[in-house]
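> Could you work out the structure for the sequence below:
(2 chains)
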There are 2 protein chains.
Amino acid sequence: MSKIQPRTLSGFMELLPAPQQQMEHIMAILRETYSLYGFTPLDTPLIEASEVLLAKGGGETEKQIYRFQKGDSDLSLRFDLTVPLAKYVALHYGELAFPFRRYQIGKVYRGERAQRGRFREFYQADIDIIGDGKLDISNEAEIPAIIYQTFSRLGLKHFCIRVNNRKILNGFYEMLGLSEKAGDIMRTVDKLDKIGPEKVKDLLVSEEIGVSEENAGEILRFIAITGDNTAVLSALEQYRGKCETFDQGLDELGTVVKYLAAFGVPQDHFAVDLTIARGLDYYTGTVYETTMLNHPEIGSVCSGGRYDNLAEYYTDKQLPGVGISIGLTRLFYVLNEQKMLNDQMNTAPADVLILPMTEDLTPAVALATRLRAAGVRTQLYGEQKKFKAKMNYADKIGVPYVVFLGEDEISQNLVACKDMVTGEQTKLSFEDTLQRIQEGLKEKNQGAVILD
Amino acid sequence: MSKIQPRTLSGFMELLPAPQQQMEHIMAILRETYSLYGFTPLDTPLIEASEVLLAKGGGETEKQIYRFQKGDSDLSLRFDLTVPLAKYVALHYGELAFPFRRYQIGKVYRGERAQRGRFREFYQADIDIIGDGKLDISNEAEIPAIIYQTFSRLGLKHFCIRVNNRKILNGFYEMLGLSEKAGDIMRTVDKLDKIGPEKVKDLLVSEEIGVSEENAGEILRFIAITGDNTAVLSALEQYRGKCETFDQGLDELGTVVKYLAAFGVPQDHFAVDLTIARGLDYYTGTVYETTMLNHPEIGSVCSGGRYDNLAEYYTDKQLPGVGISIGLTRLFYVLNEQKMLNDQMNTAPADVLILPMTEDLTPAVALATRLRAAGVRTQLYGEQKKFKAKMNYADKIGVPYVVFLGEDEISQNLVACKDMVTGEQTKLSFEDTLQRIQEGLKEKNQGAVILD
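As a prediction, this is how the structure comes out:
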């Protein structure tokens, strides 16, 4: 029979078993942490009607979308988890309680040009809190705590949650009479880290943007405000009283900073950063970016912010919200590239591999059943192979413990067990073997999935 | 602004938060149980190149598939998890250890005509064990244990794993000289439960199938062999010695039955059933179906079997395997229809809702942080609403405990806590409140997700 060459599409991540275990571990931590903060899991279809998904229309999105016809239906694959959330909340509005807190970890699709580290199918891990009409600022203050907790549990140590408030930015540019140019200015300021203040100023006064020399100076003075949170907040006080939007933003930022300690976020993992704007137009309050201190080149690994109107394309209801998103597939790719994934982690499909040394497998089967009843992930190797081939298999899957069961052990009612890391072998009762394995696993499973 | 009517495509399941929690719970149990038996999780793309996915070609599948063009690429959404597994194993053959045990819980797509209880997007939850060249019969014997454990952990009590062996069937029809008609015969015999033995016989001797009167009698006598496992096996012994395939099948079935007890499968959850064939041509050994005793109309909720050649369209390597699949979305739908989902289950997004009674939220935030540090899923309600609205929210999300924190409690260093089921309210220290909540949750979270 002629064969078809098996292949996986480029831009689609398909992991081998060991890294897949690491990925599952990361997802489990995300689910657990999001749940700890009172978010409920959602799962929406990958396919939506195109008119629904593209209600907002236009832009980069529409070019990248996977859109197709099936029968009479014009269908599209979701390109983010925000539009499906908007649809969900508008559609099920009457059956939800607000503030509605949901998390969703799911695949999204963008037909970008394939290149290293760019994916066409990738996981996003989102949380959002949606209010009905109003949403208290305390929700915005809680977000850094969730980011901090999530990344800490993953094992990251050197990261900083950078926070700003769009009202402060909008207010500031309003003061300078630059509201209409604010978008262009923010996009330029965003390049500060890459090109430095001189070039930012050049761009601001260029014909294209057209900010006056004086205003450009004001802008650079403004974004040069740095220091610890108290210092930045107190420096911002000099602008108070000139613009209502600005004052409101400053109050909100003050509230976010005020609750930080009570939310358990250490000062050194948080910074007010006036250069952060987030490109998207729909952010209206607090905005967040999270950078890895030793890998600034990666950019933000968790971003989001406050928005005033989640579902305006579907409903007249005012649904403000705040949310953040982790680009999980890309994060995983980068962590792997940077050798930051813990390769000492137990990624074996089982904790114990039983190698039966008798023809009748009944005693080995019974042993597997007992180990599983005690919660130990157990694999029974029933293949008729030479001993060496069996041990090769154990090595290849990286199983922490191998248990041998021959006539001797069975007649003595003992279990032979080898620790595959230390090489140490014991011959003990079932109970003692189980205890040794369970204690060993507790130690072996201690390490975090990310090393930072 | 003109609005787009939000809607979810028909044939696509989109759950409200409470049933979604039940679904997540079911998935968590599947992951946990599959892991216990040494299966490693896999995640493959939803989109594959059409030539790869449709390598086998033809049939019902091709009509139902979601297939589309993106740029120059002819793409398709996967319609099961078996073909992607075949591709995966063929593609990554050199990097895998065999027997390769994987589980995958993922969405698949079939553009069937939409009707009640039929889904176009649905979850399958599959496990497979793939051998390299050979695969020991002990793997086939292990499958009923995994099915039993999985369904028991979900809370199902009244179910039966029905097992047969295709070699017995093929051998039997070979003895009668009916090998060429075996497919038609098996499809007819499959209707036994629905139409009864008389009508099965009528169909068998009909012109279309064309079995002789005598052979039809033999077939009916054969499928009438019932009773406990020992009885069926001993009745089958009468046919031994006439056909090698049959004898091999009988030996295999004997081995599967022999290990049952050691694998921890109670006799009353298992039955040898000679009428089971599984439609698909590629099953070659043990085949499985699982039926719910009080709901036979649902049909099999977990099926599968042994096959000899997983990836013949991609590779010359002989890759035999055994696998089972749960149609999770349909199962969930049916359980819900039958009111078998435990609606007493804790499906709230949080275990504790904190209602702050002071303007400064710092003490409430600190309390939330302490509860979360202790592993309690906590939501802080920061909205400026009347007390009644706050309690309405607590009722609507079904949170088990509400904690009140007013000036009194803060000054006394106490926490007021209400059990939302019993209505009992306490005012205790943080530690005592935490203990009460944790003990209460242990009790409240005891029930299984399915009531049977």
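> The closest residue to A:G241 other than its chain neighbours: what's it in contact with?
Spatial nearest neighbour of A:G241, excluding adjacent residues (CB to CB, 6 or more residues apart in numbering or on different chains): A:D247 at 6.9 Å. C-beta here means a position set from N, CA and C on the backbone, and glycine is covered the same way. Counting by CB atoms under 8 Å, 6 or more residues apart in numbering or on different chains, A:D247 touches A:171, A:240-241.
> Nearest to A:R7 among these?
A:G171 (53.5 Å; CB to CB).
> Out of the contacts of A:D247, list just those in helices.
When these are checked against helices (DSSP state H), the matches are A:G171.
> Reformat the contacts of A:D247 as CSV; add pLDDT.
Shown next, in CSV, are the contacts of A:D247 (pLDDT from 0 to 100):
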residue, pLDDT
A:G171, 96
A:R240, 97
A:G241, 97
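> just the buried members of the contacts of A:D247?
Neighbour-count burial (16 or more other CB atoms under 10 Å in any protein chain shown) is assigned, among these, to A:G171.
> looking at this, A:Y123 is in a strand?
Yes. Under DSSP: H, G, I helix; E, B strand; the rest coil, A:Y123 sits within a strand.
> Can you name the residues bridging to it?
A:K107 (DSSP bridges).
> Which stretches in the stretch 301-450 of chain A count as helices?
Taking DSSP state H, counting those that start in this stretch as the test, the helices found in the stretch 301-450 of chain A are A:328-337, A:362-373, A:387-397, A:407-412, A:430-444.
> out of the ones you listed, deepest packed?
Each of the helices of the stretch 301-450 of chain A was scored by mean neighbour count; the highest is helix A:362-373, a mean of 21, by mean count of other CB atoms under 10 Å in any protein chain shown.
> Can you spell out which helices and strands pack onto that one?
strand A:352-356, strand A:378-380, strand A:401-405, helix A:430-444, helix B:137-154, helix B:244-259 (3 or more CB pairs under 8 Å, 6 or more residues apart in numbering or on different chains; DSSP states H and E).
> what does that helix contact?
A:352, A:354, A:356, A:358, A:378-380, A:382, A:403, A:405, A:410, A:415, A:430, A:434, A:437, B:36-37, B:138, B:141-142, B:145, B:149, B:258-259, B:262-264.
> would you turn the helices of the stretch 301-450 of chain A into CSV with mean pLDDT?
Output for those, formatted as CSV (pLDDT from 0 to 100):
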stretch, mean pLDDT
helix A:328-337, 96
helix A:362-373, 98
helix A:387-397, 96
helix A:407-412, 96
helix A:430-444, 96
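> Look up phi and psi at the residue nearest to A:G217 when sequence neighbours are not counted.
Distances taken as CB to CB, 6+ apart place A:K201 nearest to A:G217, at 7.8 Å, with adjacent residues excluded. Here is the backbone geometry of A:K201 (degrees, to the nearest 10): phi -60, psi -40.
> Same question for A:E213.
According to degrees, to the nearest 10, A:E213 has phi -50, psi -50.
> And it, how close does it get to A:Q238?
Taking CB to CB, to the nearest Å as the measure, A:E213 falls 21 Å from A:Q238.
> now A:Y103
From A:Y103 to A:Q238 the distance is 40 Å (CB to CB).
> picking that back up, B:G299: which of the helices and strands packed on helix A:362-373 is closest?
helix B:137-154 (15.0 Å).
> Spell out which residues of the stretch 51-200 of chain A are next to chain B.
A:51-52, A:55, A:66, A:68-71, A:73, A:75, A:86-88, A:90-92, A:95-99, A:101-102, A:107, A:109, A:111, A:121, A:131, A:134-139, A:141-142, A:145, A:149 (CB under 8 Å from any CB of the partner chain).
> So for B:G254, which of the helices of the stretch 301-450 of chain A sits nearest?
Nearest to B:G254, of those and by CB to CB, is helix A:362-373 at 13.3 Å.
> Then A:I276 would be within a strand, right?
No. With three-state DSSP as the criterion, A:I276 is assigned coil and is not in a strand.
> Once you drop chain neighbours, what's closest to it?
That would be A:N164: by CB to CB, 6+ apart, it lies 4.2 Å from A:I276.
> Please enumerate residues in contact with the helix or strand containing that neighbour?
Taking DSSP states H and E as the criterion, A:N164 maps to strand A:159-165. Strand A:159-165 has contacts (CB under 8 Å, 6+ apart) with A:144, A:147-148, A:151, A:249-250, A:252-253, A:256, A:265, A:268-277, A:285-293, A:301-302, A:452.
> I'd like to know which of the residues you listed are buried.
So, by 16+ other CB under 10 Å, the buried ones in the contacts of strand A:159-165 are A:144, A:147-148, A:151, A:249-250, A:252-253, A:256, A:265, A:269-277, A:285-292, A:301-302, A:452.
> Just grab the bridge partners of the residue most central in space within chain A for me.
With distances taken as CA atoms, centre = their mean, A:I326 lies nearest the centre of chain A, 3.1 Å away. Following DSSP bridges, A:I326 is listed with bridge partners A:A125.
> With A:F159 instead?
With DSSP bridges as the criterion, A:F159 is bridged to A:M292.
> Give me the distance between it and chain B.
Taking CB to the nearest CB, to the nearest Å as the measure, A:F159 falls 19 Å from chain B.
> Residue numbers of the stretch 251-400 of chain A in contact with chain B?
So far as CB under 8 Å from any CB goes, the stretch 251-400 of chain A lies against chain B at A:258-259, A:262-264, A:311-316, A:349-350, A:353, A:361-363, A:365-366, A:368-369, A:372-373, A:375-384, A:393, A:396-397.
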